[in-house]
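>>> Pasting a predicted model and its sequence here:
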Amino acid sequence: MTAHATIRARVVNKIHEAEDIVSIELAAADGTALPPFSAGSHIDVEVGPGVVRQYSLCNDPLEQHRYLIGVLREPQSRGGSRAVHDIIQVGDIIPISTPKNHFPLTPAGRYLLLAGGIGITPILSMAERLSSTDAEFTMHYCTRSLERTAFRERILKSGYSNRVRFHFDADAAGKKFDLAAMLHTAPPDTHLYVCGPAGFIEFVTAAAKAQGWKDERVHFEYFGAAPQDTTGDQPFEVRIASTGLAYTVAAGKTVIQVLEANGVEVPVSCEQGVCGTCVTRVLEGVPDHRDHYLTEDEHAANDQFTPCCSRSKSPLLVLDL
């Protein structure tokens, strides 16, 4: 577990929320109150020995007696979602981190919340917070079908249910998800928050950009990276500044894999360039950024990168390790 792990949590409930989605309710094992969190926060969860994954908190931020996460069973699971679905049970004690927030709500006149699939988890916490503060917001929740719509009953019973619209891919007669119209009619003081699969986020952010929405009004968080085209990857070298030792990163290998094989440890978690755990300072060279964590400005600066997935445009990268 990472250095952020400070809480021994007990699994107090596990519920089948929708097809391939379970929720896990966590409480402090010693019975004390949990550290507070803000809407959009996530926690690191050690779902198995050495297997750490990040999950958004989807309960009301006013609650301090529990953390609630929702987990989708991933077909290509590397051990995380499979462990949550098949191994972790009520009563288990698991290490978790204190909450961290890379997707916070910012002050705005009103909010447009868009969730795709399991991306509902941070959006749900935001809806709870905005509702409790009487903020102006609407929420659209897009899923493949009713059977895959997690937390639907909770939303329908909430005090903000009249602000939520459901959209199902399988329902041809259902209410159309007319993104262009939503963006066009949104008042200029509206901030957009979107979370879900990479393709959904890119569809939404591209549409917002096409309609002239400024970057500071568009907020998003990726759960996983889209597949990369690696056919043109070339080998390059990474040099460790503290030792001067250099290692070749072949096509088909990641920087993290090469460093690990040579005894150089870098904290890593998601291995997809989403969580930011492995961000490393670059002293020389030009990274080939393939993450969804750093901002466009941070990419342009080329002074840090995510060695779990990013590569190099230059023959050599010198790392501050």
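Perfect, I can see it now. Quick caveat: nothing in here was measured; it's all calculated off a predicted structure.
>>> going forward, measure contacts and count neighbours with C-alpha atoms only.
Fine.
>>> Looking at the residue nearest in space to the middle of the chain now. What's its pLDDT?
Ranked by distance to the mean C-alpha position of the chain (C-alpha atoms, centre = their mean), the top residue is F223 at 3.5 Å. Reported pLDDT at F223 in the predicted model: 74.
>>> wait, what's in contact with it?
F223 makes contact with G119, C195, G196, P197, A198, V274, according to C-alpha atoms under 8 Å, 6 or more residues apart in numbering.
>>> among these, which are in helices?
The helices in this structure, assigned by DSSP state H, contain A198 from these.
>>> Out of the contacts of F223, which comes closest to I88?
Top of the list for closeness to I88, among the contacts of F223 and by C-alpha to C-alpha, is G119 at 21.8 Å.
>>> Surely that closest one and G196 touch.
Yes - G119 is within contact range of G196, at 3.8 Å (criterion: C-alpha atoms under 8 Å).
>>> A207: how many residues sit nearby?
15 (other C-alpha atoms under 10 Å).
>>> That one sits in which helix or strand?
Applying DSSP states H and E as the criterion places A207 in helix 198-210.
>>> Tell me which helix or strand comes right after that helix.
Sequence order places strand 218-222 as the next helix or strand after helix 198-210, per DSSP H and E.
>>> got a list of contacts for the longest strand seen in the chain?
Secondary structure assigned by DSSP state E gives strand 5-18 as the longest strand of the chain. The contact list for strand 5-18, computed with C-alpha under 8 Å, 6+ apart, reads 22-30, 44, 89-98, 147-151.
>>> ok, back up a step: need the worst-confidence member of the contacts of F223.
When the contacts of F223 are compared on pLDDT, V274 comes out lowest, with 78.
>>> show me where pLDDT drops low in the stretch 1-150 of the chain?
Applying pLDDT under 70 to the stretch 1-150 of the chain flags residues 1-5, 77-78.
>>> What are the boundaries of the strands in it?
Residue ranges of the strands in the stretch 1-150 of the chain, as given by DSSP state E, counting those that start in this stretch, are 5-18, 21-28, 42-48, 51-56, 67-72, 93-97, 110-116, 136-143.
>>> Can you say which of those strands is nearest to L34?
Using C-alpha to C-alpha as the criterion, the shortest distance between L34 and the strands of the stretch 1-150 of the chain is 6.2 Å, found for strand 21-28.
>>> tell me what the closest one is packed against?
With contacts defined as 3 or more C-alpha pairs under 8 Å, 6 or more residues apart in numbering; DSSP states H and E, strand 21-28 has these neighbours: strand 5-18, strand 67-72.
>>> Format the ones you listed as JSON lines; extra columns: mean neighbour count and distance to H219.
Converted to JSON lines, the helices and strands packed on strand 21-28 look like this (neighbours: other C-alpha atoms under 10 Å; distance: least, C-alpha to C-alpha, whole Å):
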{"stretch": "strand 5-18", "mean neighbour count": "17", "distance to H219": "26"}
{"stretch": "strand 67-72", "mean neighbour count": "23", "distance to H219": "21"}
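>>> Including distance to A241, could these go into a markdown table?
Converted to a markdown table, the helices and strands packed on strand 21-28 look like this (distance: least, C-alpha to C-alpha, whole Å):
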| stretch | distance to A241 |
| --- | --- |
| strand 5-18 | 29 |
| strand 67-72 | 39 |
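>>> All set now, cheers.
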